[in-house]
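Student: below is the sequence, then the predicted model.
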Amino acid sequence: MEFIRESAHRCEYELTSSNPDDPNLAVYKEYLNRSRPLEKYRSRYPSELLNQLNEPEVANWVHWYFTFDDNLGLSEEAKQDKINALAPGTKIYKNKILGLRGKATGLAFNYTKKNIITKEEAKKLKFKRFSVGVDTSYSKKSHDKLTFVLIRNNIR
């Protein structure tokens, strides 16, 4: 956020792009929600997104909402392939297909006792194969830093 604030403060004209994310992030409150669509494009916006542009408006800050229809290089077949690749109702469908904001928790990290082993328990196992997943956790149940998940196939 400090980089975004510094950049916005120093420039005379700024054009940015964002992927939909957690609507509670500071970037939305401080920047995106203070911009407004041009009236002639307002009807193209989903009402959910329009309702989130609710901070005091800054004159000449324009909010743009693009869909696959705005990508003239994307064929109808390619557009449909992208839509079909994601299940309706999922967070990624909401973000990538509908262009709506959303925060996901617990999709990749199942923090139940049965899925967590201690260092001591791991030392007792002989591993054949390791798989490691890395992501940010965005969960109130854990720290909000990088999270590593180890999937193991072992011989006891």
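Tutor: Yep, that arrived. Worth saying up front: this structure is predicted, and the values here are computed from it rather than measured.
Student: look at residue 121 and tell me its secondary structure.
Tutor: helix (DSSP: H, G, I helix; E, B strand; the rest coil).
Student: quick one: contacts for it?
Tutor: For residue 121, no contacting residues are found, by Cβ atoms under 8 Å, 6 or more residues apart in numbering. Every residue, glycine included, has its C-beta placed from N, CA and C.
Student: now do residue 1
Tutor: By Cβ under 8 Å, 6+ apart, the residues touching residue 1 are 26, 27, 30.
Student: how about the strands in the protein?
Tutor: For the chain, the strands defined by DSSP state E occupy 126-136, 146-155.
Student: let's have the contacts of residue 1 in CSV, adding pLDDT, neighbour count and distance to residue 66.
Tutor: Shown next, in CSV, are the contacts of residue 1 (pLDDT from 0 to 100; neighbours: other Cβ atoms under 10 Å; distance: Cβ to Cβ, whole Å):
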residue, pLDDT, neighbour count, distance to residue 66
26, 92, 10, 23
27, 93, 15, 18
30, 95, 14, 22
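Student: so where's this structure shaky on pLDDT?
Tutor: 104-112, 115, 129-156 (pLDDT under 70).
Student: find the centremost residue of it, please.
Tutor: When Cα atoms, centre = their mean is applied to the chain, the residue found nearest the centroid is residue 21 (3.5 Å).
Student: gap between the nearest residue to it once chain neighbours are set aside and residue 63?
Tutor: Closest residue to residue 21 apart from its sequence neighbours, by Cβ to Cβ, 6 or more residues apart in numbering: residue 101 at 6.3 Å. Counting by Cβ to Cβ, to the nearest Å, the gap from residue 101 to residue 63 is 13 Å.
Student: try residue 96
Tutor: 19 Å.
Student: ditto for residue 118
Tutor: Distance from residue 118 to residue 63, by Cβ to Cβ: 48 Å.
Student: between these two, which one's more packed in?
Tutor: Shown here are residue 118 and residue 63; by other Cβ atoms under 10 Å, residue 63 has more neighbours (20 against 8).
Student: so the more buried one sits right up against residue 41, yeah?
Tutor: No: the pair residue 63 and residue 41 does not pass the contact test of Cβ atoms under 8 Å, sitting 9.2 Å apart.
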